[in-house]
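**Student:** Below: sequence and its predicted model.
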Amino acid sequence: MSAEVKATPREQVAALTSGCDHVETAAELEERIAAKGRLTVKFGIDPTGSLLHLGHAITLHKMQQFVEYGHRVILLIGDFTAKIGDPSGRNDTRPPLTDSMIAANMRDYREQAGKVLDLERVEVAYNSTWLAPLSMSDLIRLMGQTTVAQMLSRKDFSDRYESGVPIALHEFLYPIAQAYDSVAMQADVELGGSDQLFNFLLAREYQHHAGQPKQICMTVPILEGTDGVVRMGKSKGNYVGLTEPASEQFGKLMSIPDEMIPRYAELAAFWPPDRVAALRAGLADGSTHPMLAKKDLAEAIVTMYHGPAEAHSARERFEATVQRGEIPADVPEIAADPAWRHIAAALVGCGFAASKREAERLIAGNAVKVDGKVITDPRQPWSIGAVPVVISVGSRRFARVTPPR
């Protein structure tokens, strides 16, 4: 267990607010630290998926900063609010999840968060503890503290209302439930993405009604995915998972657009502002080569989750397989199945595609090679002689297929 970092309230505020895009307010944060010393800090995450990625890590790292200063940090699993469905930042209704789906998604969250957080010094709570027992009269009382006009002032709701996209009534309950979380936890600070600011500010009002000090709201930027366009997310296929293998993380990071290098340096590698500024200037004037900068950045990020040795190996693997076109030494061996009739079936059998249709899409995108030769016809007959062949998909996935046993 690492020792707490000693710092004055002002020094803590300077470090803790660095990288945030909104703080409500820094002055309140300094006053609260000076008055209480140890604050209760909340970060809520709904188990709407089974994977945490670099976008989640931005807030997790900010939580860890609070841990290092000795504050009480709580990772709140929204097992109840996940049943409502978070409408924040969406232009459609998010379907609520079933109990079994929520349980399955929660299973790996703690392990993945441990890649960033010192879990021995972080509490884990579940909002079903206080939300499930609420009575109808309790809910009506809470709803009476919020107007329809307030709800429609949220951009996602107002955009949908003006464009005629339906808003289900239960979606209004989500910010109310999240705000009540802060009351139940008596939170001093709430952390999260910038799309959560409305909910955070609503919690301040609920705490005021409950006779509690208003929480400090701290939001961090939303990280775009590896496509550089939309926010990182598993459903978009543009994510880098915290627990993915080092070589997979490295390869995905090498696919980000060049213009995203400084942003990933800031939000994913957490480089200090002066280093990010120097990187941006070097890329702009041509003194820094984008490929070298991207490899250095990818290695730095992978080091955070797998250590320097694995990150260095991932870099060497990338340089060998992608830049020099070599086949890795550790390619897994798979025995061919006599039932494979076409190359698409072989791709499914090797685990490169979940279905024949997905295999056909990979082939249509010129992503599939057999012994270095690009395959263009998904109906190409599959045959294997006495000598193994190497199937590759993209630049990171390989399998040595041996004759049937």
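**Tutor:** On my side now, so go ahead.
**Student:** What is the end-to-end distance of stretch 198-218?
**Tutor:** Length of stretch 198-218, first residue to last, CA to CA, to the nearest Å: 12 Å.
**Student:** quick one: contacts of it?
**Tutor:** Residues outside stretch 198-218 that contact it (CB atoms under 8 Å, 6 or more residues apart in numbering): 16-17, 20, 22-25, 28-29, 32, 42, 62, 88, 142, 145-146, 150, 153-154, 174-176, 178-183, 186-192, 197, 219. All C-beta spots, glycine's among them, are computed from the backbone N, C-alpha and C.
**Student:** Can I have the buried ones of those residues as a ChimeraX selection?
**Tutor:** A single ChimeraX command suffices to select whichever of these are buried according to 16 or more other CB atoms under 10 Å:
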select :16,17,20,23,24,28,29,32,42,62,88,142,145,146,150,154,174,175,176,178,179,180,181,182,183,187,188,189,190,191,192,197,219
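**Student:** What about the contacts of stretch 198-218, which are in strands?
**Tutor:** Under the assignment DSSP state E, those contribute 22-24, 42, 189-192, 219 to strands.
**Student:** Any chance of TSV for the residues you listed, columns distance to Lys252 and pLDDT?
**Tutor:** Shown next, in TSV, are the ones in strands among the contacts of stretch 198-218 (distance: CB to CB, whole Å; pLDDT from 0 to 100):
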residue	distance to Lys252	pLDDT
His22	29	95
Val23	31	96
Glu24	34	93
Lys42	30	96
Val189	32	98
Glu190	30	97
Leu191	26	96
Gly192	24	94
Thr219	26	96
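**Student:** any idea which of those is closest to Phe352?
**Tutor:** Gly192 (36.6 Å; CB to CB).
**Student:** so who does that closest one touch?
**Tutor:** When contacts are counted by CB under 8 Å, 6+ apart, Gly192 touches 43-44, 59, 200, 218-220.
**Student:** any idea how far it is from Phe198?
**Tutor:** As for Gly192, its distance to Phe198 is 11 Å (criterion: CB to CB, to the nearest Å).
**Student:** Could I get the contacting residues of Gln12?
**Tutor:** With contact taken as CB under 8 Å, 6+ apart, Gln12 is in contact with 30, 33, 69.
**Student:** Return stretch 157-174 as PDB; C-alpha atoms alone will do.
**Tutor:** C-alpha atoms of stretch 157-174 as PDB (Å, rounded to 0.1, in the frame of the first residue of the first chain):
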ATOM      1  CA  PHE A 157     -33.500  15.700 -24.300                       C
ATOM      2  CA  SER A 158     -34.100  19.100 -26.000                       C
ATOM      3  CA  ASP A 159     -32.600  17.800 -29.300                       C
ATOM      4  CA  ARG A 160     -34.800  14.800 -29.300                       C
ATOM      5  CA  TYR A 161     -37.900  16.700 -28.300                       C
ATOM      6  CA  GLU A 162     -37.400  19.300 -31.000                       C
ATOM      7  CA  SER A 163     -36.700  16.700 -33.700                       C
ATOM      8  CA  GLY A 164     -39.700  14.600 -32.700                       C
ATOM      9  CA  VAL A 165     -37.700  11.600 -31.400                       C
ATOM     10  CA  PRO A 166     -39.600   9.900 -28.600                       C
ATOM     11  CA  ILE A 167     -38.500  10.400 -25.000                       C
ATOM     12  CA  ALA A 168     -39.700   7.700 -22.700                       C
ATOM     13  CA  LEU A 169     -40.900   8.900 -19.300                       C
ATOM     14  CA  HIS A 170     -38.700   6.500 -17.400                       C
ATOM     15  CA  GLU A 171     -35.600   8.300 -18.900                       C
ATOM     16  CA  PHE A 172     -36.400  11.400 -16.700                       C
ATOM     17  CA  LEU A 173     -35.900   9.100 -13.700                       C
ATOM     18  CA  TYR A 174     -32.200   8.500 -14.600                       C
END
